[in-house]
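*Asks:* Starting from these lines, generate the structure:
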Amino acid sequence: MKGCVHKKLSLIIVMLVSIYLLFCGCGKKGPPVPPRREKPPAIEDLSHRLDGNGLELSWSVPEKDSSRQPDLAGFKVYVSKVPLSESECENCPLTFKAIADVPIRKKAEQKQPRYSETLDSGYRYVYMVRGYSQDGLISEDSNYINFIIE
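*Replies:* Numbering: from 1, shown residues only. Here you go, the predicted model:
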């Protein structure tokens, strides 16, 4: 008789623990959420030098703002090129096209990345640069550089 009472008592304890585990949990149920990833730091000092129709862009490799930001792997250079024959529209959005990829080889060697090209006459140009990380995260736009080549 004592064995039967122990079995019933064990069964009741197992059922109570199962019910407790079924209805109690660690919090809100839902799909797992990956940790929030921050964008790489943005370039803030894009500058240029014009020599006739030759253009050279340069900028500094930005420092990370927090340990959660990924390291930069390189930079994409973008241009908006509009013929002077088209009227200027102040409120129209700019359409940028990626024209170059400037990878970071070693930070110690490349504190001031550069990009150069020869420009065509008769266009209004706007340039900007974005940094990117190894895993594909892209920074915000840099400051814009704009000028006209007549």
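
*Asks:* Which residue, other than its chain neighbours, is closest to residue 131?
*Replies:* If you skip the residues right next to it in sequence, residue 131 has residue 139 as its closest partner in space, 4.1 Å away by C-beta to C-beta, 6 or more residues apart in numbering. (Each C-beta comes from the backbone N, C-alpha and C, glycine too.)

*Asks:* For that neighbour, give me its contacts.
*Replies:* 39-43, 62, 72, 130-132 (C-beta atoms under 8 Å, 6 or more residues apart in numbering).

*Asks:* Let me know the helix or strand that residue 121 is in.
*Replies:* When elements are assigned from DSSP states H and E, residue 121 belongs to no helix and no strand.

*Asks:* Among the contacts of residue 139, which one lies nearest to residue 114?
*Replies:* Ranking these by separation from residue 114, with C-beta to C-beta as the measure, puts residue 43 on top at 12.6 Å.

*Asks:* Report the spatially nearest residue to the closest one, omitting neighbours in sequence.
*Replies:* The shortest distance from residue 43 to any non-neighbouring residue, by C-beta to C-beta, 6+ apart, is to residue 142 (3.8 Å).

*Asks:* Help me confirm that the one you found comes into contact with residue 46.
*Replies:* Yes: the criterion here is C-beta atoms under 8 Å, and residue 142 meets it with residue 46 at 4.4 Å.

*Asks:* which SS state does the nearest residue to residue 97 once chain neighbours are set aside fall under?
*Replies:* For residue 97, the nearest residue in space outside its immediate sequence neighbours is residue 79; the separation is 6.0 Å by C-beta to C-beta, 6+ apart. Three states are possible here, and by DSSP: H, G, I helix; E, B strand; the rest coil the one that applies to residue 79 is strand.

*Asks:* if I look at the residue nearest to residue 122 when sequence neighbours are not counted, how far off is residue 144?
*Replies:* Here the nearest residue to residue 122 in space, its sequence neighbours aside, is residue 84; by C-beta to C-beta, 6+ apart that works out to 5.2 Å. Taking C-beta to C-beta, to the nearest Å as the measure, residue 84 falls 18 Å from residue 144.
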